[in-house]
Each structure stands twice: as C-alpha cells, then as structure tokens.
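Participant: Pasting the sequence and the predicted coordinates here, then a few questions.
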Amino acid sequence: MTPDAVRALFTRADGTYLFARWGRPIVPVVFGVEEATLSVVKGAVEAVVALAGHRMAETDPELGANLMVFFFRDWAELPEVPNLDRLVPGLEDLCARLAAAQANQYRIFRFDPDGAIRAVFVFLRMDAHLEAVPVETLALSQAVQMILLWSDRAFAEQSPLVLAEAGSAMLRPEIAAVIRAGYDPVLPVMAQDGAHALRLFARLGRAV
C-alpha cells in the first residue's frame, strides 16, 4: 500500500478527493430478510465497526436508525415502502434509472454539518449474481463499503475482500489498516485535500 494507492481509494472519478467517516454511533436496521440473515448482516456491521474502533448504539436521537439496508427483488418495490421517499427524495426517479441500468446495488450517504457521515441507505436487488454470493461475504462487503466514504472507483477492479484458505471471505489486510487509520481520533472526520492521504498512510503501520 503506497501513498498513491491510499489516495486513490478516496479520489473520485472527477478527480476530487473526499474522505468521510461516521461521527455518530451507528444504528443498523435491515429490511427484507429472515432472522438468520438479519443476524449475519448485523454481525458483519458490528465486526467492521469494532475494527474501526467506532461505536454502535440502540437508537439514533434524530433518525432512530441511521444505517438502513434493504434487500428486495425489483427496484419497483422501493417506492412502495412507506415514508422511504421522505428519507430519499426523488426515490421513484432514482429507482427507474437503476432499473434501466440493471443495477443490483446502490448506496446513498447523508452527512452532518461537519462533513461526518450521518446516515447510509444500502439497496440490494437480489439478482442471480448477488444470490450466488454467500450471505456472509455479501454482508461483510456491504459493511466495509459503508464504514467510510470510499471513492466511487475504489473497488471497481479489486474487491475489498479476499478468500481465506477455508473458502470464507475476509477483509484484505491493507483495507482493514486503512479503516483503522481513518478512525484515528487525531484525523478529521472529513477531508477534501489529497494531503490527507499522506496522513492516513503514515498511520498504516500502526493500524496493522
């Protein structure tokens, strides 16, 4: 992991650098799954939050839950969820665009005034591709992608996960180190200067 590689994880397609982490405790809620899958998803979130050295809570004073994960079969189902359009303005048009693109996942981030992550909405359309992924792998991947505001290109060519010897998925060590470094309390909750990547890189050795 080089300074340039760290910078690339938070450099968007338009060339801008943007890093953000959660500033408030994370309160997850999962829709559209059975109890067994629910425990797997929440367990993955808990594991990644613990890795980051961050916190979880039973409720968010403003939102109730601030990490909402939706499993469904068709994008047309989302606009029918009561009050979701109040949380996600333009939901119907968004779903139409995602359906046309045959997308199977989408994440929306909301931010506090200081730039810290305030809430994340995760939408997973369970097509044949996602159904073929073990639920433990899918849950861990989504947990990793919500713990920081990664670049839209961060994992386009390489997954944040790697297969362990037993065949189960685990977080790539270098990505785990970036997550730990990103939650160093000395660093800001949000950064738009690429020099921030150098500060992250300087902490990677301590974060391994």
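Facilitator: In hand now; what should we look at?

Participant: Tell me the gap between the lengthiest helix in the chain and the middle of its chain.
Facilitator: Counting by DSSP state H, the longest helix found in the chain is helix 35-52. The chain centroid and the centroid of helix 35-52 are separated by 12 Å under C-alpha atoms, centre = their mean, to the nearest Å.

Participant: try stretch 186-201
Facilitator: For stretch 186-201, the distance to the chain centre is 18 Å (C-alpha atoms, centre = their mean).

Participant: Kindly report the same for stretch 179-194.
Facilitator: On C-alpha atoms, centre = their mean, the centre of stretch 179-194 falls 16 Å from the chain's centre.

Participant: And the contacts of that stretch?
Facilitator: When contacts are defined by C-beta atoms under 8 Å, 6 or more residues apart in numbering, stretch 179-194 is touched by residues 7, 11, 16-23, 48, 51-54, 111, 114-116, 144, 147-148, 196, 199-201, 203-204, 206-207. All C-beta spots, glycine's among them, are computed from the backbone N, C-alpha and C.

Participant: buried sites along it?
Facilitator: Residues of stretch 179-194 classed as buried by neighbour count (16 or more other C-beta atoms under 10 Å): 179-184, 187, 189-191, 194.

Participant: ok, so of those residues, who is nearest Ala44?
Facilitator: Ile179 (13.2 Å; C-beta to C-beta).

Participant: Tell me the spatial nearest neighbour of Asp114, not counting adjacent residues.
Facilitator: Using C-beta to C-beta, 6 or more residues apart in numbering and skipping the chain neighbours, the partner closest in space to Asp114 is Val189 (6.0 Å).

Participant: For that neighbour, give its distance to Ala96.
Facilitator: Distance of Val189 to Ala96, given as C-beta to C-beta, to the nearest Å: 34 Å.

Participant: Same check on Ala76?
Facilitator: Ala76 is 9 Å from Ala96, by C-beta to C-beta.

Participant: which element follows the helix or strand where Leu140 lies toward the C-terminus?
Facilitator: Per DSSP states H and E: Leu140 is located in helix 135-147. Next in sequence after helix 135-147, counting helices and strands by DSSP H and E, comes strand 161-163.
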